[in-house]
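S.K.: only the shape, not the letters, is given here:
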């Protein structure tokens, strides 16, 4: 069999690159078109839920609306995740750092996941030092916290989940701690790879890219994500970010 010439190899490589770029563009367009119509639906669900709580609606109605709110939120987050994947594949992670209180963001994320934790038989506890102002990409940081909290609840075996925040003049650390099934030593690097999930993945669906995406978003802000875990004893994910990411991030 004749070996392909260097020219043929270069042409094949370019064709593959073009095919991958076309695939990513299609995924990005599809995710965008699937996500956008959900924005008014999210608003209507939240409005109905607020009204139902104010008017002391029946428990069955409240539970139905809360279930719908969680389902819609998961849908939007998955579509957003697809968009982020295509950006990362293209090595295009333009961030938009703004100044905000990281404690406020942690509290907002915790409120968002309280219902999910209750359904899993778990509780969420915060250890926050007070206002921790800094400059980060709000959406990227929120997505990282969302992924870590949902994982802690999913694999936390119904045990309490703790969120700690520590700050210094030049950096902050957020730790998400569960007392669940833990991660075996052989899996600790693998679960940060794309399309990889823990051995208990059958407990839930998902793309298997949450931790990979989170680690990339943390790295894009000049930070690090580490894991300490023992099987049967739980896991601690630690995110360390510079207090001001503008010196590290690719600004949009």
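M.R.: Right, received. Where do you want to start? Since the structure is predicted, the reported quantities are computational estimates derived from the model, not experimental observations.
S.K.: what sits against residue 139?
M.R.: By C-beta atoms under 8 Å, 6 or more residues apart in numbering, the residues touching residue 139 are residue 96. Bear in mind the C-beta positions are built from the backbone N, C-alpha and C, glycine included.
S.K.: that one and residue 59, how far apart?
M.R.: Distance, residue 139 to residue 59, by C-beta to C-beta, to the nearest Å: 34 Å.
S.K.: for this structure, which segments count as strands?
M.R.: Assigned strands in the chain, in chain order: 97-101, 124-127, 133-137, 161-167, 171-178, 224-230, 234-242 (criterion: DSSP state E).
S.K.: mind listing what residue 134 touches?
M.R.: Contacts of residue 134 by C-beta under 8 Å, 6+ apart are 99, 100, 102, 172, 241, 243, 244.
S.K.: let me fix that: residue 50
M.R.: No contacts exist for residue 50 under C-beta under 8 Å, 6+ apart.
S.K.: what about the spatially closest residue to residue 232 that is not a sequence neighbour, neighbour count?
M.R.: The shortest distance from residue 232 to any non-neighbouring residue, by C-beta to C-beta, 6 or more residues apart in numbering, is to residue 182 (5.5 Å). Counted with other C-beta atoms under 10 Å, residues neighbouring residue 182 total 20.
S.K.: does residue 182 touch residue 234 like I think?
M.R.: Yes: using C-beta atoms under 8 Å, residue 182 makes contact with residue 234 at a distance of 5.5 Å.
S.K.: can you give me the domain boundaries for this structure?
M.R.: Domain assignment for the chain by automatic domain parsing gives 6-89, 97-247.
S.K.: which of those comes out lowest on mean pLDDT?
M.R.: Ranked by mean pLDDT, these end with domain 6-89 at the bottom, a mean of 74.
S.K.: which residues are in contact with the residue nearest to residue 48 when sequence neighbours are not counted?
M.R.: Nearest residue to residue 48, sequence neighbours excluded (C-beta to C-beta, 6+ apart): residue 65, at 5.8 Å. The contact partners of residue 65, by C-beta under 8 Å, 6+ apart, come to 45, 48, 49, 52.
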